[in-house]
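Visitor: What follows is a predicted structure for the sequence shown.
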Amino acid sequence: QLQLVQSGGGLVQPGDSLTLSCAASGSSLDYYVIVWFRQAPGKEREGVSCISIRDGSTNYVDSVKGRFTISRDNAKSTVYLQMNNLKPEDTADYYCAAGSMCGWIPLGFGSWGQGTQVTVSS
């Protein structure tokens, strides 16, 4: 069974950068997509970026385009989310999830990381 373990996150100032990692084990990622979701306090969980493990194609929501970069290292079975120029509105718990197709609604994803907190504050 596919398991996802996240690392990274923390407290940063506006304009800073952070990289989140999502390491997979237990099953091959080859035919999955990985979506990074986030959930701010009092808000619903939303997808922000997606990558196809098979071909590396990526997608981003408008609010993070040009600031976030999703990438994969197939040899390490790890997906990264590089977050640059962070803003206070990026503050949220971030989750990676594995599924069969990209989507911004957290339905149909069978495996989830444990979540990691990102706080952007001066």
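Guide: Cool, the structure landed. Residues are numbered from 1 along each chain as shown.

Visitor: which residues does the residue nearest the centre of the chain contact?
Guide: Centrality entry for the chain: nearest residue to the mean C-alpha point is Trp36, 2.5 Å, by CA atoms, centre = their mean. Neighbour list for Trp36: 20, 22, 47-50, 68, 70, 79, 81, 94-97 [criterion: CB atoms under 8 Å, 6 or more residues apart in numbering]. Yep, even glycine has a C-beta here, placed from its N, CA and C like the rest.

Visitor: Quick check: which ranges of the chain have low pLDDT?
Guide: Confidence mapping of the chain against pLDDT under 70 gives zero matching residues.

Visitor: hang on, the earlier thing: please settle this for me: is the residue nearest to the centre of the chain part of a helix?
Guide: No - Trp36 is assigned strand when assessed by DSSP: H, G, I helix; E, B strand; the rest coil, not a helix.

Visitor: Report the separation between it and Ser122.
Guide: Using CB to CB, to the nearest Å, we find Trp36 at a distance of 24 Å from Ser122.

Visitor: Check Met83 too.
Guide: Plainly put, Met83 is 17 Å away from Ser122 if you go by CB to CB.

Visitor: Who has more neighbours out of the two?
Guide: Neighbour totals were compared for Met83 and Ser122, and Met83 leads with 27 against 7 (other CB atoms under 10 Å).

Visitor: now that one, which residues is it bridged with?
Guide: Applying DSSP bridges to Met83 yields these beta-bridge partners: Leu18, Phe68.

Visitor: Can you give me the end-to-end span of stretch 83-94?
Guide: The first residue of stretch 83-94 is 12 Å away from its last residue (CA to CA, to the nearest Å).

Visitor: ugh, wrong one, stretch 68-85
Guide: Start-to-end, stretch 68-85 (CA to CA) is 9 Å.
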